[in-house]
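Chemist: Dropping a prediction and its sequence here:
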Amino acid sequence: MANMVKLTINDTAVEAPAGTLLIDAAKLAGIEIPAFCYYEGMSLQAACRMCLVEIEKAPKLMAACVVPVGEGMVVRTESPAVVKARKTTLEFLLTNHPLDCPVCDKGGECELQDMVFKYGAGESRFTEVKQHVPEKQWSPVVFYDGPRCILCYRCVRVCNEGMGVGALGIVNRGVAAEIAPSHGDHLECDECGSCIDICPVGALTSGAYRYKTRPWEMEHVGTVCTHCSNGCKTTLGVRNNEIVRGNNRDRSGLNGEFLCVKGRYAFDFNHHPERLQAPLMRINGKLEEVSWARALQAVVEKFKAGGKAGVVGSTRISNEEAFLLQKFARTALKTNNIDHHRSGDVVTLLDSLSGKTATLGNVDDCYNSKAVLIVGADISQQQPFLANQIRANYRHHKAGIYVATSGAVREDKIAKGSVRTTDSEWLAGVESMREKLKGESELLVLFGDSVKGEGVRKLVAFGESLGIPVKYICLVDYANSRGAMDMGLLPDLGPGYHPAEGAAGMTLPQMMAATDLDLLWIVGANPLARHTLASSNAFVVVQDLFLTETAQRADVVLPAASAYEKNGTVTNVTGQVQRLKRGVETVGAKTDLAIIGLIARGMGVNLGKVDADVVFAEIQKTVRGYNVPLPVIVTGGAAQTMPVNGRVASTVLPELIQSSRDTLFTTGTLTRYSKILNEVMEAPGGLYR
Amino acid sequence: MTFSPELEARFADLLTHYPPGRQRGALIPMLMYAQDEVGAVTPDLMEELAKRLGISVLQVDEVVGYYSMLHKKPQGKYHIQICTNVACMLRGGAELYEHACKKLGVGHKQTQASGKFSLEEVECIGACSWAPAIQVNYDFHHEVTVSQLDQVLEGLQ
């Protein structure tokens, strides 16, 4: 325990570890000291003067955000002098503030509004005409309204320190001072929108959300982002069954308030005009809209007829849907021909870690581990939240960061060791840092798809040989890539990596190449974007949101619900299970779970009760590592699965593992339907590296 | 962007005055010396210094915008700065400024078409003991009267 310091705040005895800032010590004691510029986790600024407090024996009021606690300190946070100072500070902040709260996006959740309401600086002694400058648009998603700005530097710091981008600054001074973007009149950055979220006033506003609604008119639904594999919680603002905002200001979930451009803006695919809203069936060679009953009947007839069947699952559907899909394939269609797009070799990692404990890293380890090694992945592009955790780890804990990648990455700037390797020679790159890595007390290794098969075993052997505790994270691409594997969407492994009964089935490329395939059932995947289907006679059933390349080849297309329209669970890249919560109702579409249930009912197959909670209960019982505490998940938390221990007898061919190497603005087919992501990509600057 | 050998030598020396990793501290003097040579803080200049110090152009811009002695636009051959802050104002600084405006035909932060004179109304230049004070480029003139101002201006060619 650190040295405890005793002090008095507002006549209450408070104890806090030495070095704690007064503002945090007060918070511990349940006393709020208002502040605009102070922000937990960011560097100190002391710019706004809102947190001034009275400290006995100090000659004047002190800024609580930069004063550490002192033994015997006597502090008053609401004395008449303090209240007067705050009121004056607010009067100054409002000198040129337009007070356009009734039309401001921030109205209702504005920190400045709250403070003015509390300290009552509604009247001003300034009678001069307010200085006005017009609003500026810096990117498709970021707008800046200078007069509303209180120059607290929060956005500047979150961009510089939090994101490692540094696209915002403050130019000029005095009354002319304003926030400026990196490239004169526009931003070249990650477009993550953190600056908008962190803005205590309505100076920075979101292109997607501005002027659409007031905060109190929305329902706020906490669910999991459906794009990359990091599993960030995103709180959807829903109004009239339409998602109008994504953020995570309540800091629920494993990501705190972090979100990247996808989590914050790329929910708009959900309302894309091309969303399928009715089943389609090939009639006289053309896909035509039909009723659900007719489409399902056609599917059931073909499924009943049997033949050589193949099933392709998704990396986005929920665990429950994936579990039920493989159960249906294996019990009703009696085939092991089931696969999905694999983007990381989790299977070999689990096998090579068998018998070891505490070797799987998670998002907390990214923030806490004393050292981090990144092999073959541009994580700032592909794994934005893990990258954010690692940056924060460096900033707060001075963690040693090591990078072995084929190209320059953002982590180079903060790395203790950084080498350029090729995808095949990464081991030599890692070896070249051996001595430095040995000097660390622990290590977390993140690796991308260039490390697979024997490569994973070599990497684990390298980790072992360092003689320090090492944890591993196998990076995968999509929202439920990990869950798809855990749930057994694999031709040789069932749920929990247990060998599937019977001979191993066909892999995805084998299914595509088989000329005698009679039936192909594709749930939420788009394999025909990369493969061609050899069997011209195959009856193809596709469940998807859009008429993808694959759906265009289908005989029956069943419109599916998006992740934002369903309940269930997904598992993120580090094996943490979180709950999906339905934010909007579907129009015409059904969840994949419901569709599988309807097909099963049509065939007279009993899959048990087709309900997300019931299926999850079965997953908890039967899938290795998933016996996680339900209350954690139900309350919106992340529960760690531990599927290690026990060998995994896999015949997985490493060459099947292929990451899409997405960027911040892409994640497979889904993001092609996000208007905002496409706009951002086309904006000047394109992709910031 | 290239600089004269003298300026390069000055930069090289400057950078040795800062601890390793903190060379960005040399930004302000580098900007001032470079401005004297180039005539203004041009976008090229900002980019060059950003590159040399390993900071972003925006960070250079933040500094340039903050300090009033750094100018993005070229100034006249003689830059006349007249203080109208309290001490100087009480001793006739405002009259000096108005007189200069009329005489030079330009206003605050403006430059004559000929490029000879530019004028700026400035805050305290640290010469209150000899108020009213004016500054012409780097030279100070103390306890200036209107007729003295005329003399100073006429003496500049």
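Modeler: Alright, I've got the coordinates.
Chemist: Any idea which residue is closest to the centre of chain A?
Modeler: The centroid of chain A falls nearest to residue A:232 when counting by Cα atoms, centre = their mean (3.0 Å).
Chemist: Assign residue 102 to one of the three secondary structure states.
Modeler: The chain I'm using is chain A. Taking DSSP: H, G, I helix; E, B strand; the rest coil as the rule, one finds residue A:102 in the helix state.
Chemist: Contacts only, for residue A:26.
Modeler: A:9, A:14, A:32, A:33, A:64, A:75, A:77 (Cβ atoms under 8 Å, 6 or more residues apart in numbering or on different chains). (C-beta placed from N, C-alpha, C; glycine too.)
Chemist: Apologies, that question was intended for residue A:468.
Modeler: A:437, A:438, A:440, A:441, A:442, A:443.
Chemist: Of those residues, just the buried ones, PyMOL syntax please.
Modeler: With 16 or more other Cβ atoms under 10 Å in any protein chain shown as the burial test, the buried ones among the contacts of residue A:468 are selected in PyMOL as follows:
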select buried, chain A and resi 437+440+442+443
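Chemist: I'd like the distance between the nearest residue to residue B:133 once chain neighbours are set aside and residue B:81.
Modeler: Spatial nearest neighbour of residue B:133, chain neighbours left out: residue B:127 (3.7 Å); criterion: Cβ to Cβ, 6 or more residues apart in numbering or on different chains. According to Cβ to Cβ, to the nearest Å, residue B:127 stands 11 Å off from residue B:81.
Chemist: Looking at the two, which has the bigger crowd around it?
Modeler: Between residue B:127 and residue B:81, counted using other Cβ atoms under 10 Å in any protein chain shown, residue B:81 has the larger neighbour count: 21 against 18.
Chemist: what's the helix or strand for that one?
Modeler: Assessed by DSSP states H and E, residue B:81 sits inside strand B:78-83.
Chemist: Show me how far the next helix or strand after that strand is from its chain's centre.
Modeler: Sequence-wise, the next helix or strand downstream of strand B:78-83 (DSSP H and E) is helix B:86-90. Distance, stretch centre to chain centre, for helix B:86-90: 21 Å (Cα atoms, centre = their mean, to the nearest Å).
Chemist: now swap in stretch A:306-326 and tell me
Modeler: The answer for stretch A:306-326 is 24 Å, by Cα atoms, centre = their mean.
Chemist: if we can go back for a sec, export the strand holding residue B:81 to CSV, keeping only CA atoms.
Modeler: What follows is strand B:78-83 as a C-alpha-only set of coordinates in CSV (Å, rounded to 0.1, in the frame of the first residue of the first chain):
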residue,chain,number,x,y,z
TYR,B,78,10.9,48.9,-41.3
HIS,B,79,8.4,47.4,-38.9
ILE,B,80,7.1,50.2,-36.6
GLN,B,81,5.7,48.9,-33.3
ILE,B,82,4.0,51.5,-31.1
CYS,B,83,3.0,50.6,-27.6
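Chemist: Give me the contact list for it.
Modeler: B:88, B:93, B:96-97, B:100, B:104, B:116-125, B:127, B:131-137, B:153, B:156.
Chemist: Please spell out the PyMOL selection for the buried subset of those.
Modeler: The PyMOL command for the buried members of those (criterion: 16+ other Cβ under 10 Å) is given here:
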select buried, chain B and resi 88+93+96+97+100+104+117+118+119+120+121+122+125+127+131+132+133+134+135+136+153
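Chemist: Would you show me how to pick out the buried ones of the contacts of residue A:26 in PyMOL?
Modeler: Provided next is the PyMOL selection string for whichever of the contacts of residue A:26 are buried by 16+ other Cβ under 10 Å:
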select buried, chain A and resi 9+14+33+64+75+77
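Chemist: and residue A:245, what element?
Modeler: Going by DSSP H and E, residue A:245 is in strand A:242-247.
Chemist: Show the backbone phi and psi for residue B:44.
Modeler: phi -60, psi -40 (degrees, to the nearest 10).
Chemist: Just to check, it is in contact with residue B:2?
Modeler: No: taking Cβ atoms under 8 Å as the definition, residue B:44 is not a contact partner of residue B:2, at 10.4 Å.
Chemist: buried set for stretch A:542-559?
Modeler: Result for stretch A:542-559 [16+ other Cβ under 10 Å]: buried residues A:542-548, A:550-551, A:553-559.
Chemist: All the helices of chain B, residue numbers only.
Modeler: B:5-15, B:27-38, B:43-53, B:57-66, B:86-90, B:93-104, B:146-155 (DSSP state H).
Chemist: quick check, nearest of the contacts of residue A:26 to residue A:429?
Modeler: Nearest to residue A:429 among those is residue A:64, at 47.5 Å by Cβ to Cβ.
Chemist: still on that earlier bit, spit out the contact partners of the residue nearest to the centre of chain A.
Modeler: A:224, A:225, A:248, A:253, A:254, A:255, A:258, A:259, A:260, A:263, A:385.
Chemist: Torsion angles phi and psi at the nearest residue to the first one once chain neighbours are set aside?
Modeler: Put plainly, it is residue A:224. Leaving aside its sequence neighbours, residue A:224 sits nearest to residue A:578 (Cβ to Cβ, 6+ apart; 5.0 Å). The phi and psi values for residue A:578, taken as degrees, to the nearest 10, are phi -140, psi 160.
Chemist: State the distance from the residue nearest the centre of chain B to residue B:123.
Modeler: Centroid-nearest residue in chain B, with Cα atoms, centre = their mean: residue B:69, separated by 3.7 Å. Residue B:69 sits at a distance of 12 Å from residue B:123 (criterion: Cβ to Cβ).
Chemist: what do you get for residue A:597?
Modeler: 76 Å.
Chemist: circling back: farthest-separated two in the buried residues of stretch A:542-559?
Modeler: A:545 and A:555 (18.4 Å).
Chemist: can you list the residues of the stretch 151-300 of chain A near chain B?
Modeler: A:166, A:167, A:168, A:169, A:170, A:171, A:172, A:173, A:177, A:180, A:181, A:182 (Cβ under 8 Å from any Cβ of the partner chain).
Chemist: among the residues you listed, which are in helices?
Modeler: Per DSSP H, the subset of these in helices is empty.
Chemist: where does the residue in chain B sticking out farthest from the centre fall, phi/psi-wise?
Modeler: What lies farthest from the middle of chain B is residue B:20; by Cα atoms, centre = their mean that is 29.3 Å. Reported as degrees, to the nearest 10, the phi and psi values for residue B:20 are phi -50, psi 140.
Chemist: quick one: it from residue A:313, how far?
Modeler: 55 Å.
Chemist: Number of residues surrounding residue A:46?
Modeler: 16.
Chemist: and it, what element?
Modeler: Per DSSP H and E, there is no helix or strand for residue A:46.
Chemist: and residue 41, how many neighbours?
Modeler: All of this is about chain A. Other residues close to residue A:41 by other Cβ under 10 Å number 13.
Chemist: The intended chain is chain B.
Modeler: 24.
Chemist: what do you get for the one 4 residues further on?
Modeler: Residues contacting residue B:45 under the criterion other Cβ under 10 Å number 22.
Chemist: just residue B:2 next, same as before
Modeler: Counted by other Cβ under 10 Å, the residues lying close to residue B:2 total 7.
Chemist: One more: residue B:115?
Modeler: Neighbours around residue B:115, by other Cβ under 10 Å: 12.
Chemist: Many thanks, have a good one.
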